[in-house]
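S.K.: Okay, here's the prediction I keep looking at, along with the sequence it came from:
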Amino acid sequence: MSLVHLHLLLNHLPVIGVPLVTALLLYGIMRRQRDVQRAALAGFVLLAILTVPAYLTGEPAEEAIEHAPGVAKALIGRHEVLATIAMGLTAGLGLIASLGLFFSRRDRLVPRLLLAGGVTLSLLAIGALIPTGYYGGQIRHEEIRSAGAPVRGMPVEDLPGQ
């Protein structure tokens, strides 16, 4: 398995995982279930850890396809910028979640401030992860791009076949 394969495998985890774990955290908050809250926080820590290799394998993936036919180079740059933002937010989420787990040990409740921070950062991370995945998918998959239409902000000459 190459770093490109690893990137394609790992990049889906935060895009799908962060929204699911956010839903779990919100459920735990609404039901006031400490164990569910802690499970969600542990999920955020795991996702933050897994996001690191997904991010770091992005450069080798770019190098492998940047000159291939059908690749929209302008989308690579947009994907890369968004991935950096998403990585930072997901790392921050992992840090907040780690603090929440630390302060809630020995049958203590998760501090409300850390729960609020976790929800806020998870929503911000989702807001960055979704377009990151969207543009990442469009880099190589012409079939999901609008037929013949330039991507907003991308010159027509950067589109394949132009």
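M.R.: Right, received. Where do you want to start?
S.K.: correct me, but Arg140 touches Ile65?
M.R.: Yes - judged on Cβ atoms under 8 Å, Arg140 makes contact with Ile65 at a distance of 6.1 Å. Quick note: C-beta positions are derived from backbone N, CA and C, even for glycine.
S.K.: joint contacts of the two?
M.R.: By Cβ atoms under 8 Å, 6 or more residues apart in numbering, Arg140 and Ile65 have these common neighbours: Val71.
S.K.: where do the strands sit along the protein?
M.R.: Using DSSP state E, the chain contains no strands.
S.K.: tell me what the lengthiest helix in it is packed against?
M.R.: Using DSSP state H, we find that the single longest helix of the chain is helix 73-103. If contacts are counted by 3 or more Cβ pairs under 8 Å, 6 or more residues apart in numbering; DSSP states H and E, helix 73-103 sits against helix 12-31, helix 34-56, helix 58-65, helix 112-140.
S.K.: 6 Å instead, please
M.R.: Under the contact definition 3 or more Cβ pairs under 6 Å, 6 or more residues apart in numbering; DSSP states H and E, helix 73-103 sits against helix 34-56, helix 112-140.
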